[in-house]
Structures are given as structure tokens and as C-alpha cells.
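In: what's the 3D shape of this:
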Amino acid sequence: MSGPPWRIIFFGTPSFALPILQGLLKGPEEVVGIVTQPDREKGRGRKIVISPVKELALQNGLVLLQPEKVKEEAFQEAVATLQPDLLAVVAYGQILPKSVLSIPRYGAVNVHASLLPRYRGAAPIAWAILRGESVTGVTTMVMDEGMDTGDVLLQEEVPIGREMTCEMLHDRLATLGARLLSKTLEKMKAGEIRPIPQDHSKATYAPPLKKEDGRIHWEKEAGEVDRQVRAFNPWPGAFTKWGDRFLKVFRGAIRERAPAGKPGEVVWVGSDFIQVETGKNSYLIEEVQVEGRKRMTVREFLSGHSISVGTVFQ
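Out: Okay, here's the model as predicted:
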């Protein structure tokens, strides 16, 4: 790779960004600063939680910035003071204005967990599974002021296996993202990359997930239920109402068969599964979590709870 190391400011917040930041830290470029979201209160105890990216930044003694809003003048002055050649942005959580994007000499590169222009937005991994895609991937792109609308630099595909959960796909794409960003920077420095405009007419969107998105509607086909369970594993978790309690479902399987009950009705209880009727075919629940308890297999669950044939999940 020719030329001196580029001075890079990394923007990122969640665990997806960690392998990519780790890859940068091991690479030939110089990470001169980290920008991540402010610390937030979480959980019932309102405990202050720092982002995974902040934790890694502190471990490596990196310059750390946590603006409430990236439009703040003081923040933009701090970025300019670091004299970056490039911004590397991965799931940061705020759209960067032109006043920030124009600071570095070579602009900003974003790593996005989809094959743009498909699945622009905050939750591309979950939505790709939820909508039954067989393939997804990672894109590096030149950032502009829109939401994932910039010119594409590089892309790489990943197949979505029939049993793949959001957690599994998340980890695979994060690892791929680290390699793709390294390759992108290498080609940029060598002048071997040509940005390609996105076809905006083919854009689809992946809005943020909400807890209520996880509710299972048993009148849907078993295949849709299965995709929902995998797409929302681990968060927010697909769930159903069991009497006056909520039951999260984290793993299961489809059983093709003629209907034997109404949607949501338990039609068989085995030692390792609970068979529930859906709008088409049955769904075999294999891993669950009761409110206030840990995740467990159905075998473990049934050792302490009784569910009989005829029970109806809501």
C-alpha cells in the first residue's frame, strides 16, 4: 500500500462495529479518534451503560467524542482539530450533515450490512431474514447526507441459511465488514476503485425494530412465524401470550401437515417441542423464555411448567 497512513476517525456504537474497528486498529492506517453515542440509562434499574465501541476505545486509550448531536459546533471543531483524512462509519446512529462529511480530505466511508440499495436503514439484518431473502451481504459506500444513499464502493454477498438467526448473521456480516473495509481502503489509496451510483428505484427499507414487532400472529403461515423467530433472535425476541404471561420463542421448526386445530392452539406436546397450529402447517417451539427467567430448551421448560393440548397462545 503506497503513501503514508491515513488519519481515520471511526464513528460507531453497537457490537456490530467492534470487529470492524478492531480490524482498523490492526491495519496500516492511524485511528486518531472515536465517535460514539452518549452513555444511556437502560433496564429497570436505569443503570448507565456505555456502548461497546466506547469500551474498546477506552481499552486502547483512543481519543473519544460522544456528542448528543453531531451538528454541535464544538463537536465539529473537535473533529477538524484531529485533521482526519477519512471518516469510517459503522452503525453510528446519527445521520452526518454535510458540515461533518466535508471535514476529511477523502470524505467518509460507511459499512452497511446489506446489499444496497436494498434494506437501507437501522435494522437491515433482521429485515432480510424476516422478508425471506436467501442472500444478503455487506456494502461499503461513499457517504452523503441521505440515509444509506451514497455511491457504492464494494459489495460482498452472504447466503442466509434456513436456520440462521439474526445473531448468527450479525456476527458473520460484522467479520465480513472488517475485511471489506480493509479492502476498500487499500483500493482507494491505490486509485483502483470507482464509486457506482445506487439505483434508487430499487431501494427497500429496514426501519428500527420495536418490542411490539415481536408479537407472533399465529394466523400467519408457519414459515412466516419461523422467519420472525429467527429475525428477532436475540432482540426484541418473538413472543406470544400464554394465559396472563408472555412467552418468548427463540428457536423452532416448521412441520408441514394438514390443520388439526385453530391458529395458536397447542396440538401436541413432545418431550423436546410444543407443536402449535398456524395459518398453514404447524410450528414446533424448541427454545423459550418465560418472563423473569433465563432462556431454556422446551425440555427444561416442561420440567417446571405444564402445557396441555388445547392450550391457545394469543
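In: What segments of this protein are helices?
Out: Along the chain, the stretches classed as helices by DSSP state H are 18-26, 52-59, 73-81, 98-101, 124-130, 166-190, 222-231, 298-302.
In: I'd like those helices written out as TSV, with mean pLDDT added.
Out: Output for the helices of the chain, formatted as TSV (pLDDT from 0 to 100):
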stretch	mean pLDDT
helix 18-26	98
helix 52-59	97
helix 73-81	98
helix 98-101	98
helix 124-130	98
helix 166-190	98
helix 222-231	98
helix 298-302	97
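In: okay, these in CSV with distance to Ile285 and mean neighbour count next?
Out: All C-beta atoms are positioned from the backbone trio N, CA, C, and that covers glycine. Converted to CSV, the helices of the chain look like this (distance: least, C-beta to C-beta, whole Å; neighbours: other C-beta atoms under 10 Å):
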stretch, distance to Ile285, mean neighbour count
helix 18-26, 32, 18
helix 52-59, 31, 18
helix 73-81, 48, 14
helix 98-101, 47, 16
helix 124-130, 18, 24
helix 166-190, 18, 19
helix 222-231, 9, 23
helix 298-302, 6, 18
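In: could those helices go into TSV alongside distance to Gly252?
Out: Below are these laid out as TSV (distance: least, C-beta to C-beta, whole Å):
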stretch	distance to Gly252
helix 18-26	29
helix 52-59	29
helix 73-81	46
helix 98-101	44
helix 124-130	14
helix 166-190	15
helix 222-231	6
helix 298-302	9
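In: Looking at those helices, which is nearest to Arg245?
Out: Ranking those by proximity to Arg245 (C-beta to C-beta) places helix 298-302 first, at 12.2 Å.
In: which helices and strands sit right next to the closest one?
Out: strand 282-290 (3 or more C-beta pairs under 8 Å, 6 or more residues apart in numbering; DSSP states H and E).
In: Output the strand it packs on as CSV - backbone C-alpha positions only.
Out: These are the backbone C-alpha positions of strand 282-290, laid out as CSV (Å, rounded to 0.1, in the frame of the first residue of the first chain):
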residue,chain,number,x,y,z
SER,A,282,-47.5,-26.3,12.4
TYR,A,283,-44.7,-24.7,14.3
LEU,A,284,-42.6,-26.7,16.7
ILE,A,285,-41.4,-24.5,19.6
GLU,A,286,-38.0,-25.7,20.8
GLU,A,287,-36.4,-22.9,22.9
VAL,A,288,-38.3,-20.4,25.1
GLN,A,289,-38.0,-17.8,27.9
VAL,A,290,-40.7,-17.1,30.5
